[in-house]
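S.K.: show me the folded form of this:
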Amino acid sequence: MRTQSTRKAVGSLNSPEMYIRLTSLEMERSRREMERNRLLDRVRILDERITKIVEEQSEMRQRIEVLSGNRPVDAPVLPKDGSNGGFGFTY
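M.R.: Here you go, the predicted structure:
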């Protein structure tokens with residue numbers, strides 16, 4: 001004896017199960033598109049912030065070079081007395 005749980009959807013377009021499945025897939029597609037768009041917006045916002053950070057770093061490096069008399073930024077300035085640079089503690 002066949003039951004509802006073992007019966008498969010009929011392969012015709014007149015079957016209500018086919019319309020329910022079609023509607024279900026359409027709703028899932030819509031949700032996935034909304035999710036994708038939100039993620040793409042988030043990535044765009046992150047990319048913009050990363051670009052701004054790089055610009056700010058570049059500006060800060062230029063200011064440091066000007067203030068330090070054109071000394072390269074990567075070269076740390078160490079005090080001549082052997083201290084750790086004024087933090088007041090040692091490891």
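S.K.: CA only for contacts and neighbour counts going forward, please
M.R.: OK.
S.K.: what about Gly69, which SS state?
M.R.: Gly69 carries the three-state label coil when classified by DSSP: H, G, I helix; E, B strand; the rest coil.
S.K.: burial of it, as a residue count?
M.R.: 8 (other C-alpha atoms under 10 Å).
S.K.: just Lys52 next, same as before
M.R.: As a burial measure, Lys52 scores 12 neighbours (other C-alpha under 10 Å).
S.K.: go on, Ser68?
M.R.: Ser68 has 12 neighbours, counted by other C-alpha under 10 Å.
S.K.: same question for Gln62.
M.R.: Gln62: 15 surrounding residues under other C-alpha under 10 Å.
S.K.: name the helix or strand for it, please.
M.R.: Using DSSP states H and E, Gln62 maps to helix 16-67.
S.K.: report the rounded mean pLDDT for that helix.
M.R.: Computed over helix 16-67, the mean pLDDT rounds to 95.
S.K.: now for it, which elements pack on it?
M.R.: The helices and strands touching helix 16-67, judged by 3 or more C-alpha pairs under 8 Å, 6 or more residues apart in numbering; DSSP states H and E, number zero.
S.K.: against Ser30, how distant is Leu46?
M.R.: Noted for Leu46: a distance of 24 Å to Ser30, by C-alpha to C-alpha, to the nearest Å.
S.K.: ditto for Asp41
M.R.: Separation of Asp41 from Ser30 (C-alpha to C-alpha) stands at 17 Å.
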